[in-house]
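Trainee: using only what follows, build the 3D model:
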Amino acid sequence: MMIRTQHGSLKIRRPVAPATEVTAEHSGVVAAIDVESIGYVIIAMGGGRKKLSDGIDRSVGVKMLVRIGDKIDAGQPLMRMFTRDSERFREQLRRSITLSDQASPRPLIVERIEGNPR
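Mentor: Here you go, the predicted model:
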């Protein structure tokens, strides 16, 4: 729908950079994911702009394979990166996911906002 609205075409084949999996060094539970760090890695891959005149490589990116709270085994894929320079970014992406020994319960309600409804 969004592509059609912006006059794009789903029939055009888009380039995809080579895929490489980023794996867990040890087992544990996904405690946190630093999405800001992942975003900066994608920019460094060429998938975003540092300044307005920069081009964008639409073939690069990251596909997340785990979520917070998932149990992970050593060697299990955490994410798939699409880039021509996987060795340069592998460790940065691996460090963006924090594993802990045990799951910690997440609050059902994060914050209450009180006030008069409009």
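
Trainee: which stretches of this protein form helices?
Mentor: Secondary structure of the chain, counting by DSSP state H: helices at 2-5, 35-42, 86-95.

Trainee: relative to Leu78, which of the ones you listed is closest?
Mentor: With CB to CB as the criterion, Leu78 lies closest to helix 86-95 of the helices of the chain, at 7.0 Å. For every residue, glycine as well, the C-beta is placed using N, CA and C.

Trainee: hang on, the earlier thing: okay, the helices of the chain in TSV with mean neighbour count, distance to Arg67 and mean pLDDT next?
Mentor: Shown next, in TSV, are the helices of the chain (neighbours: other CB atoms under 10 Å; distance: least, CB to CB, whole Å; pLDDT from 0 to 100):
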stretch	mean neighbour count	distance to Arg67	mean pLDDT
helix 2-5	8	24	78
helix 35-42	16	12	96
helix 86-95	15	16	94
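
Trainee: need those helices in TSV (columns: distance to Asp73).
Mentor: Shown next, in TSV, are those (distance: least, CB to CB, whole Å):
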stretch	distance to Asp73
helix 2-5	36
helix 35-42	22
helix 86-95	15
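
Trainee: which stretch among those helices comes nearest Pro18?
Mentor: Counting by CB to CB, Pro18 lies closest to helix 86-95 out of the helices of the chain; the figure is 7.3 Å.

Trainee: so what secondary structure elements neighbour that closest one?
Mentor: If contacts are counted by 3 or more CB pairs under 8 Å, 6 or more residues apart in numbering; DSSP states H and E, helix 86-95 sits against strand 19-23, helix 35-42, strand 77-82.

Trainee: export those to a markdown table and append columns for distance to Arg90.
Mentor: As requested, those are exported to a markdown table (distance: least, CB to CB, whole Å):
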| stretch | distance to Arg90 |
| --- | --- |
| strand 19-23 | 6 |
| helix 35-42 | 10 |
| strand 77-82 | 7 |
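
Trainee: closest to Gly69 out of the ones you listed?
Mentor: Between Gly69 and these, the tightest spacing by CB to CB is seen for strand 77-82, at 13.6 Å.

Trainee: what's the closest one packed up against?
Mentor: strand 19-23, strand 61-64, helix 86-95.

Trainee: tell me the strands beside that strand, with direction?
Mentor: strand 19-23 (antiparallel), strand 61-64 (antiparallel) (DSSP bridges).
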